[in-house]
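what would the 3D arrangement of this be:
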Amino acid sequence: MKPVRVHVQDAQQRDPVPTRRLAAFATRAARRLKIGGSGRVLITFIDSRTMRTLNRRLLRHDRLTDVLSFRYDHEPTVGEILIAPVAARRYAAAHKVSYEDELARYVAHGLLHWLGHEDRTATQRQKMRHLEDDVLTTCWAQTTRHWSLITGH
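Numbers count the residues shown, from 1 in each chain. Presented below is the predicted three-dimensional model:
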């Protein structure tokens, strides 16, 4: 089965997002997670106001969330992942991790949700974190090394 196509776009302006690098990572991650088939998964970075509104309207949670993931049964779009970069920026600052690394974690998290993984219980969160770590260790590390060769950074 051929890997699903991944398209990444930035629809917000507050926090810069390295879309090309994250698209390369998301493609590798989709391959690692064996997400295949025709169609595409759209990953869109959105502002906090829009994310909170969608979270309230769709899930009835009146708060900002970091990632929303939707699976569709039709082409050309088979899934959509929405990410709030402001949440990644806040988490990264509070936990002293790289903002870009946190964005990559959110991409992995969204892909795992798209596959059906949940994180409602402590056990589910632990399993999700383990899967995210695996994807980040392999795919994000490869993307970072590859990107360094291309850009010299």
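
in this structure, which spans are helices?
Ranges of helices in the chain, per DSSP state H, are 19-32, 48-59, 85-95, 99-114, 122-135, 141-151.

closest to residue 78 out of those?
Of all the helices of the chain, it is helix 99-114 that lies closest to residue 78, at 8.7 Å by Cβ to Cβ. Where C-beta positions appear, they are placed from N, C-alpha and C, glycine not excepted.

relative to helix 19-32, how tilted is the closest one?
For helix 99-114 against helix 19-32, the angle by axes from the mean of the first three to the mean of the last three Cα atoms, to 10 degrees is 40 degrees.

name the surrounding residues that touch stretch 42-61.
6-15, 17, 19, 22-23, 26, 62-65, 68, 77, 79-87, 103, 107, 110 (Cβ atoms under 8 Å, 6 or more residues apart in numbering).

how about residue 39: what's its closest non-neighbour residue?
Take residue 39 and drop its neighbours on the chain: the residue closest to it by Cβ to Cβ, 6 or more residues apart in numbering is residue 78, 3.6 Å away.

how near is the one you found to residue 61?
Distance, residue 78 to residue 61, by Cβ to Cβ, to the nearest Å: 25 Å.

neighbour-wise, which of these two wins?
Per other Cβ atoms under 10 Å, whichever of residue 78 and residue 61 has more neighbours is residue 78, with 20 against 12.

OK, contacts around the residue nearest the centre of the chain?
Centrality entry for the chain: nearest residue to the mean C-alpha point is residue 107, 1.4 Å, by Cα atoms, centre = their mean. By Cβ under 8 Å, 6+ apart, residue 107 lies in contact with 22, 25, 26, 29, 43, 81, 83.
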